[in-house]
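Engineer: kindly return the folded structure for what I paste below:
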Amino acid sequence: MILRCLAWLVLSFAALSAQAAGFVEMDGATPPPLQLKDRNGNSHALAAYRGKVVLVNFWATWCPPCREEMPSMQRLKEKMSDRAFVMLGVNSGEPAEDLAEFLKLVKVDFDILLDSDSAVTRRWKVFGLPTSFLIDRQGKVRYSLTGVTEWDQGEALALIEGLLKQD
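Structural biologist: This is a model prediction of the structure:
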């Protein structure tokens, strides 16, 4: 428990510090592989979403900033339901039981993938939660953000809309 509290303090500080910096434009590199199962046992591979804009969000149930942005992510998913857009929430380092308990309280219907051993989180070089990546239609990383944001408005929505307009 002490380790979780200490981790929360460190990650919260990192998230709050990064929030002021906003989105970081990336060099358009191909992201590391991502293939995980969702809470229903269905497999999801990032490569399968080529042709769509993808938001990959690394988070955990114990992370207050992660929990804070969940409602805006759900609103974004609803707002983009008829667009070439996919949202993948990667639950990092937690057992499926913890996630199931959290989802009884917070209702979201976007895909949440289980990275119970944090192997994918490490491969993506995620050092603070939440950390998000916007992937363009060609499968390239275009933007990253460490910290919380309102996904259904402002800069976040403008970046997603911009990527959707690109071929």
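
Engineer: the residue positioned nearest the centre of the chain: what's it in contact with?
Structural biologist: What sits nearest the mean C-alpha location of the chain, by CA atoms, centre = their mean, is residue 57, with 0.5 Å. Residue 57 makes contact with 69, 73, 87, 88, 89, 90, 130, 131, 132, according to CB atoms under 8 Å, 6 or more residues apart in numbering. (C-beta placed from N, C-alpha, C; glycine too.)

Engineer: tell me what the host helix or strand of residue 74 is packed against?
Structural biologist: In this assignment (DSSP states H and E), residue 74 forms part of helix 64-79. Counting contacts by 3 or more CB pairs under 8 Å, 6 or more residues apart in numbering; DSSP states H and E, helix 64-79 packs against helix 2-21, strand 53-59, strand 85-92, helix 154-165.

Engineer: least reliable of the ones you listed going by mean pLDDT?
Structural biologist: Confidence, taken as mean pLDDT, is least for helix 2-21 of the helices and strands packed on helix 64-79 (a mean of 43).

Engineer: tell me which helix or strand comes right after it.
Structural biologist: strand 24-25.

Engineer: quick one, the helix holding residue 74 and strand 53-59 angle?
Structural biologist: 160 degrees (axes from the mean of the first three to the mean of the last three CA atoms, to 10 degrees).

Engineer: list the buried residues in helix 64-79.
Structural biologist: In terms of neighbour count (16 or more other CB atoms under 10 Å), helix 64-79 has its buried residues at 65, 66, 67, 69, 70, 72, 73, 74, 76, 77.

Engineer: and those residues, which is closest to residue 40?
Structural biologist: residue 77 (16.7 Å; CB to CB).

Engineer: any idea how far residue 160 is from the closest one?
Structural biologist: Separation of residue 77 from residue 160 (CB to CB, to the nearest Å) stands at 11 Å.

Engineer: for residue 47, same thing?
Structural biologist: For residue 47, the distance to residue 160 equals 20 Å [CB to CB].

Engineer: neighbour-wise, which of the two wins?
Structural biologist: Neighbour totals were compared for residue 47 and residue 160, and residue 160 leads with 22 against 12 (other CB atoms under 10 Å).
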